[in-house]
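Asker: 3D, please:
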Amino acid sequence: MSPITRRVLQAVLYEAIAIAGVGPALSLAFDEPPTSTFGLAVVLSTIALTWNYAFNWFFERWESGQSVRGRSFARRLAHGAGFEGGLAVILIPVMSLWLGISPAAAFVANLVLLVFFFVYAIAFTWAFDRVFGLPASAVQKDAKAVGV
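Answerer: You can find the predicted model right below:
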């Protein structure tokens, strides 16, 4: 699978599962109609989808320059923290405006989502790698396979 196809597939699957869970959760948490929170979930996921693609491109570029290949637990934690931290900065104003809450309340709500999505991002990426294999940037180089 090409790197671009892999990143698009990963991002779309990640966000589709997220929309299915976040819409109803936001409806319950903010006592808002499900149509409103589903719309918010779609907007948040669209933003996250764009961020996911960009972040994974940057992360894999960084990763390809590392001397140690593979995706250790520490590298997966760094991936999850970088992705979710950047996303939080983007989503707080959106949540504040959509839900009519203060930025501080949106920050707290985003912290709850951050904890959930931090674990979800690590678990999803691990499962995705198990099903579709590691990207080229994380594959161990085999001297015999490359003719060295």
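Asker: ok, A136 touching P3?
Answerer: Yes - in this structure, A136 is within contact of P3 by Cβ atoms under 8 Å, at 6.6 Å. All C-beta spots, glycine's among them, are computed from the backbone N, C-alpha and C.
Asker: what do those two both touch?
Answerer: Common contacts of A136 and P3 (Cβ atoms under 8 Å, 6 or more residues apart in numbering): none found.
Asker: L9 contacts M1, doesn't it?
Answerer: Yes - L9 is within contact range of M1, at 7.5 Å (criterion: Cβ under 8 Å).
Asker: what touches both of the two?
Answerer: Taking Cβ under 8 Å, 6+ apart as the criterion, L9 and M1 both touch F132.
Asker: where in this structure is pLDDT low?
Answerer: Residue ranges of the chain with pLDDT under 70: 141-148.
Asker: which parts of this protein are strands?
Answerer: Read by DSSP state E, the chain holds no strands at all.
Asker: now the helices for it?
Answerer: 3-30, 34-64, 73-99, 103-132 (DSSP state H).
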